[in-house]
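# Predicted model and sequence follow; I will ask about them next.
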Amino acid sequence: MPELPEVETIARGLQQKVSGDVIESVWLGSKPQTMKSRPAEIAAALEHARITQVRRMGKHIVFDLERNGVPAAAKTRRRIKAPGPRAQWIVHLGMTGRMLVCEPSAELAKHTHAIVTLASGRELRFVDPRRFGRLSVASQGDFEAGGSEPLEVEKDRFVALFRGRKTPIKSALLNQKLLRGVGNIYADESLFRAGLRPRRRVSTITRARLEKLYESVQEVLKEAIALGGSSISNYVDADGEEGVFQLQHRVYGRAGEACLVCKTPIKRVVIVGRSSHYCPKCQK
DNA sequence: ACTATTTCCTGGATGC
DNA sequence: TGCATCCAGGAAATAG
């Protein structure tokens, strides 16, 4: 399940492989729920555009596109909203989404929902069995609004985002409108390091402890990025390499196993429909 | 304005 | 062995 560190790893790999390349044609599959924008709009924005940069925002991969003097007039006449000269292709991988860069001759994976052919002769393919992933297009800047980037937000702002909320801290960490990029694994790991139980109401947490959480979130995310993310549920990066941060997990997926600090068995509870793991002794 | 719950989706694991 | 059932979870939609 790609969260911030996995998406960062994938985006860096794609930046290496396809930035500067030009999109020649686009094929989109017939599963409408995988498209957040209208398919015709996605195709119009991508075709003949140059990929100037690939980067991550929250859990999204952003392809910055530039159109080099190719008039979109014909498309405009058909009332397909003309993509601006500086559009963005936004990819959300959901649970099982993959972005593959491959030769056109490469075997077509089951559940391939989009194929983008590149001027370099390669293809960029979006594959997603569970179909929680989404493709969309936006104008430059539109996507910047939203939650704060956990690795860029300042401490005071982080504290202000959470203060006073009645919801469990785990729920707040997963709320992408507050902080974007933290998912189930890194929420659990951050809470363990901050000594906070996932069910703890945000409003009962002291400012000092929220500051500790801020440090924990950054620490966990930075360590995970350095290790290429966590490879569970078949996650691999743009080169098919597995990350190794799962070996550093202290609570996630360790229900019933001994806490690495105090040996107390790790508990598992369900919050917001997600499994949450914590040490009942180390976390309050 | 918030918060909680439901829904979408398939493959791998588990159960009988 | 084979089939049915459960479970994983991000975020949009819905309900309170």
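Looks like it arrived, so ask away. Residues are numbered from 1 along each chain as shown, chains lettered A, B, ... in the order given.
# Grab the most central residue of chain A for me.
A:K59 (1.7 Å; C-alpha atoms, centre = their mean).
# my guess is it contacts A:H92, does it?
Yes - assessed by C-beta atoms under 8 Å, A:K59 is found in contact with A:H92 at 6.3 Å. For glycine as for every other residue, the C-beta is placed from the backbone atoms N, C-alpha and C.
# residues in contact with the residue nearest to the centre of chain A?
A:P2, A:E3, A:L4, A:V7, A:H92, A:L93, A:Q176, A:R180, A:G181, A:G183 (C-beta atoms under 8 Å, 6 or more residues apart in numbering).
# buried subset of those?
A:P2, A:E3, A:L4, A:V7, A:H92, A:L93, A:R180, A:G181, A:G183 (16 or more other C-beta atoms under 10 Å).
# Leaving out sequence neighbours, find the closest residue to the last one.
Sequence neighbours aside, A:E3 is the residue nearest to A:G183 in space, at 3.5 Å (criterion: C-beta to C-beta, 6 or more residues apart in numbering).
# Quick check: that neighbour vs DNA strand B, distance?
17 Å (C-beta to the nearest atom of the strand, to the nearest Å).
# Next, the contact list for that residue, please.
Here A:E3 is in contact with A:K59, A:G181, A:V182, A:G183, A:N184, A:I185, A:Y186, A:G229 (C-beta under 8 Å, 6+ apart).
# What backbone torsions are found at whatever residue of the stretch 101-250 of chain A ends up closest to DNA strand C?
Closest approach between the stretch 101-250 of chain A and DNA strand C, counting by C-beta to the nearest atom of the strand: A:G183, at 3.2 Å. With angles defined as degrees, to the nearest 10, A:G183 sits at phi -120, psi -160.
# Hmm, it is touching A:L4, no?
Yes - using C-beta under 8 Å, A:G183 is in contact with A:L4, at 7.4 Å.
# Just to be sure, which of the contacts of A:K59 are found in helices?
If you go by DSSP state H, the contacts of A:K59 have A:L4, A:V7 in helices.
# Going through the contacts of A:K59, which one is the model least confident about?
The lowest pLDDT within the contacts of A:K59 belongs to A:P2, with 88.
# Skipping its backbone neighbours, what lies nearest that residue in space?
That would be A:L93: by C-beta to C-beta, 6+ apart, it lies 4.7 Å from A:P2.
# returning to that earlier point: tell me which two in the buried ones among the contacts of A:K59 are the farthest apart.
Spatial extent of these (C-beta to C-beta) is set by the pair A:L93 and A:R180 at 14.0 Å.
# A:L65 looks like it's in a strand, true?
Yes - per DSSP: H, G, I helix; E, B strand; the rest coil, A:L65 lies within a strand segment.
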